[in-house]
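Visitor: Next come a sequence and a model predicted from it.
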Amino acid sequence: MITSDPQLRARMLLEALPYIRRFHGAVIVIKYGGNVLSDADRSLTELAEDVALIRSVGMRPVVVHGGGPQIDELADRLALRPAFIDGLRVTDAEMLAVVRMALLGTVNPAIVTALGSQGAPAVGLSGMDGSLAVASRVSPELGYVGAVSTVNPQVLTDLLATSAIPVVASLGVDVSGQILNVNADSFAAALAVALKATKLIFLTNVAGLLEHLDDPGSLIAEVDVAHAQRLIESGQIRGGMIPKVTAALGAALGGVERVHLIDGTVPHSLLLELLTDEGVGTMIVGGTQ
Ligand SMILES: Nc1ncnc2c1ncn2[C@@H]1O[C@H](COP(=O)(O)OP(=O)(O)O)[C@@H](O)[C@H]1O
Ligand SMILES: CC(=O)N[C@@H](CCC(=O)OP(=O)(O)O)C(=O)O
């Protein structure tokens, strides 16, 4: 609940009205990062409240989720040691089984049930369903890791037509039927482009993109391709932020009108971004290459 004060609620609603009108019927792709999902202070219920609210005012949310920390935790319990190359998980057959168990067995149903208990009917699926995300292997070193090559969005448009909220886990399938582990940021970007989404919002555990990783005050309000490239080259964008920013730029260049990176650990940041004049996080723009 954002606030129980009736006067404040009325004022917030008035401020939100132009945005509610503007985004009525718009497809909004929301990517939940595993870091937000494992944040001790931020319950899934709170996240679900916001998504349920934007659905109730006429937007069409699609949730895409990762689960890096949840995969790590399960791997640890099974005494498997995770390894990464450029932010992507090295995935052999054993690790692929762990990824499937964590994403499809734990994370996906947790989000679906949280939305359901907010009165928002949600349907859990992954890139295998309806051949949604056809992927191809990235490199022999990474094993069963894929990059999405084709999106068949019909299964999502059918669900959206029934007012259900699709909740999509970032697994793909290759042309031979092999399931592949796909980075959830690039997965979300591919779906947003294919759905011609109006907005793609990445919920992560930092205020946005920082000019200097060790300075929380160096938040970048708007970043384009050239600026992001400079930050990657200078080492100021690291780890999981590299695939995230790359995916965000890809979506902006691919025609998604607005791409944002916001702090999902701040209560109701999604509503602040969508329904108020307040600028939150970082906006990623296609800009010049
Ligand atoms: N320039 C940067 N600005 C902000 N965060 C950065 C930057 N470079 C690296 N990071 C790291 O990226 C992390 C978010 O990426 P990731 O761990 O993949 O998140 P998620 O689970 O939300 O997908 C942040 O917690 C932060 O430590
Ligand atoms: C290939 C690859 O690295 N896949 C990711 C998929 C999950 C993910 O991306 O989760 P976050 O959104 O929490 O980062 C992984 O195995 O961790």
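Guide: Structure's in. What do you need? Ligands and ions are numbered 1, 2, ... in the order given.
Visitor: Residue numbers of the chain in contact with ligand 1?
Guide: Taking C-beta under 6 Å from any ligand atom as the criterion, the chain approaches ligand 1 at residues 33-36, 66, 68, 204-206, 209-210, 213, 236-241, 244. (Each C-beta comes from the backbone N, C-alpha and C, glycine too.)
Visitor: how much space is there between residue 283 and residue 207?
Guide: 13 Å (C-beta to C-beta, to the nearest Å).
Visitor: Residue 211 versus the residue of the stretch 101-250 of the chain found nearest ligand 2, what's the distance?
Guide: In the stretch 101-250 of the chain, the residue that lies nearest ligand 2 is residue 184 (3.4 Å; C-beta to the nearest ligand atom). Separation of residue 184 from residue 211 (C-beta to C-beta): 25 Å.
Visitor: which of those two has more neighbours?
Guide: residue 184 (28 against 15; other C-beta atoms under 10 Å).
Visitor: what about the closest residue to ligand 1 within the stretch 101-250 of the chain, how many residues close to it?
Guide: Among all residues of the stretch 101-250 of the chain, residue 240 sits closest to ligand 1, at 2.0 Å; criterion: C-beta to the nearest ligand atom. Counted with other C-beta under 10 Å, residues neighbouring residue 240 total 20.
Visitor: Tell me how many other residues surround residue 117.
Guide: 13.
Visitor: Does it touch residue 45 like I think?
Guide: Yes: here residue 117 reaches residue 45: they are 7.4 Å apart, a contact under C-beta atoms under 8 Å.
Visitor: For the residue of the stretch 101-250 of the chain closest to ligand 1, give me its contacts.
Guide: 33, 68, 87, 185 (C-beta atoms under 8 Å, 6 or more residues apart in numbering).
Visitor: didn't residue 135 look like it was pressed against residue 127?
Guide: Yes: using C-beta under 8 Å, residue 135 is in contact with residue 127, at 6.9 Å.
Visitor: Could you pull out the residues contacting both of these two?
Guide: 148, 172, 173, 182.
Visitor: what bridges to the third one?
Guide: For residue 173, the beta-bridge assignment (DSSP bridges) gives partners residue 134, residue 179.
Visitor: State the distance from it to residue 154.
Guide: 15 Å.
Visitor: Of those two, which one has the most company?
Guide: The neighbour comparison of residue 173 against residue 154 (other C-beta under 10 Å) goes to residue 173, with 20 against 11.
Visitor: Alright, that wraps it up for me.
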